[in-house]
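**Q** Next comes the sequence, and after it the predicted model I'd like to discuss.
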Amino acid sequence: QPELTRVLFLDGRMVASVTIYDRWVYVADGRRARVGSIGSVCTHPDFRRRGLVKQVLEEAIVWMQAQGFHWSSLFGREAVYNGSGWTLLSSFTCTADLLPRPELGQSLTARPARPDDLALLMALYDQFNAHLTGPVVRNADYWRRCLLPGRWGHPPVYHLLEADGTPLAYFLGDDGNLRELAWVARGAEVIAWLLRRWAGQPVHFPLATADLIRCLRQASVVHRGDECRGGLSLPETYKGLWRYIGPGRGEFPEIADTDSMKRFLRDNEYTYWGADSY
């Protein structure tokens, strides 16, 4: 929508702009939050180093407050945006160097998703992510326009995991570096299958929820003696810069400022999928 791009005119000339990507995200307890993700920050080369973008950001904050946004995020350097109120958020991801239990996941099969699998991908995504905090609420148009075509002519390959023809999960990523995944049943078997797919190397998961850790415990071999592998690590990972915008309609009474918002996100295992980059 045109009003999502905020611009600054100087002597009748457009010289700076930012774009607000309007996103609703899931919150684990059933609530949803409206997030204004800031991107496409531009200043004409002849007008830089005058603080013009800061003025546009200040106007964008006022506009988002009037529209009922809860939070705002962007990807950039804190030194640049801290003066406008955006500060760094980190959350944990998970790297597993574990042996899968040999009896788990052997019956699962994988296949690349086809164009006619969109409804299935959406159902798996929604069922899995509705219980997390942070993933974008996606509709069919968003999948078709923003996700499935990929970036720069490189469509992503989503893989479906099935048991006797029944879809249980999907994943995106290769070389042991998962970019996205979801499962709706038999989580330990799904995780064991993924560990086996990249046997002999660590597998990186882009989230670190209690449910994932539980499935990893159930999916991996309990070693004896000196047989242990590298185990499990939880790297602290940059998740962009964040700023509190406002209370909306009072959906989050426990959040009053940027610090409490960031604590809320970390306490609720904030999860972000790279495919939702803006």
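**A** Done, it's in.
**Q** Now Ala208, what are its backbone angles?
**A** Torsion angles at Ala208 (phi, psi; degrees, to the nearest 10) stand at phi -150, psi 60.
**Q** Setting the sequence-adjacent residues aside, check what's closest to it.
**A** Phe92 (3.8 Å; C-beta to C-beta, 6 or more residues apart in numbering). Heads up, the C-betas are built off the backbone N, CA and C, glycines and all.
**Q** for Pro235, same thing?
**A** The shortest distance from Pro235 to any non-neighbouring residue, by C-beta to C-beta, 6+ apart, is to Thr93 (5.5 Å).
**Q** And the pLDDT at Thr166?
**A** With respect to pLDDT, Thr166 scores 94.
**Q** how close does it sit to Arg144?
**A** 25 Å (C-beta to C-beta, to the nearest Å).
**Q** same deal with His131?
**A** His131 is 25 Å from Arg144, by C-beta to C-beta.
**Q** What of Val184?
**A** Taken as C-beta to C-beta, the span from Val184 to Arg144 is 22 Å.
**Q** same thing with Gly150?
**A** Distance from Gly150 to Arg144, by C-beta to C-beta: 12 Å.
**Q** do Ala199 as well
**A** From Ala199 to Arg144 the distance is 35 Å (C-beta to C-beta).
**Q** do the same with Ser37
**A** Distance, Ser37 to Arg144, by C-beta to C-beta: 20 Å.
**Q** need the contact list for the residue nearest to Ala208.
**A** 208, 234-237, 269 (C-beta atoms under 8 Å, 6 or more residues apart in numbering).
**Q** do Pro100 as well
**A** 191-193, 195-196, 199, 219-221.
**Q** ok, and the most crowded of those residues?
**A** Highest neighbour count within the contacts of Pro100, by other C-beta atoms under 10 Å: Ile191, with 29 neighbours.
**Q** What's the local residue count around the closest residue in space to Phe205 that isn't next to it in sequence?
**A** Leaving aside its sequence neighbours, Phe205 sits nearest to Cys94 (C-beta to C-beta, 6+ apart; 4.3 Å). Cys94: 20 surrounding residues under other C-beta under 10 Å.
**Q** quick one: Cys94 from Trp24, how far?
**A** From Cys94 over to Trp24 (counting by C-beta to C-beta), the distance is 26 Å.
**Q** Pro155 too?
**A** 25 Å.
**Q** ok, those two, which is more surrounded?
**A** Of the pair Pro155 and Trp24, Trp24 is the one with more neighbours under other C-beta under 10 Å, namely 14 against 10.
**Q** Nearest spatial neighbour of the more buried one, chain-adjacent residues omitted?
**A** Setting aside the residues directly before and after it, Trp24 is nearest to Val137 in space (C-beta to C-beta, 6+ apart), at 4.3 Å.
**Q** What is the neighbour count of Leu88?
**A** Leu88: 14 surrounding residues under other C-beta under 10 Å.
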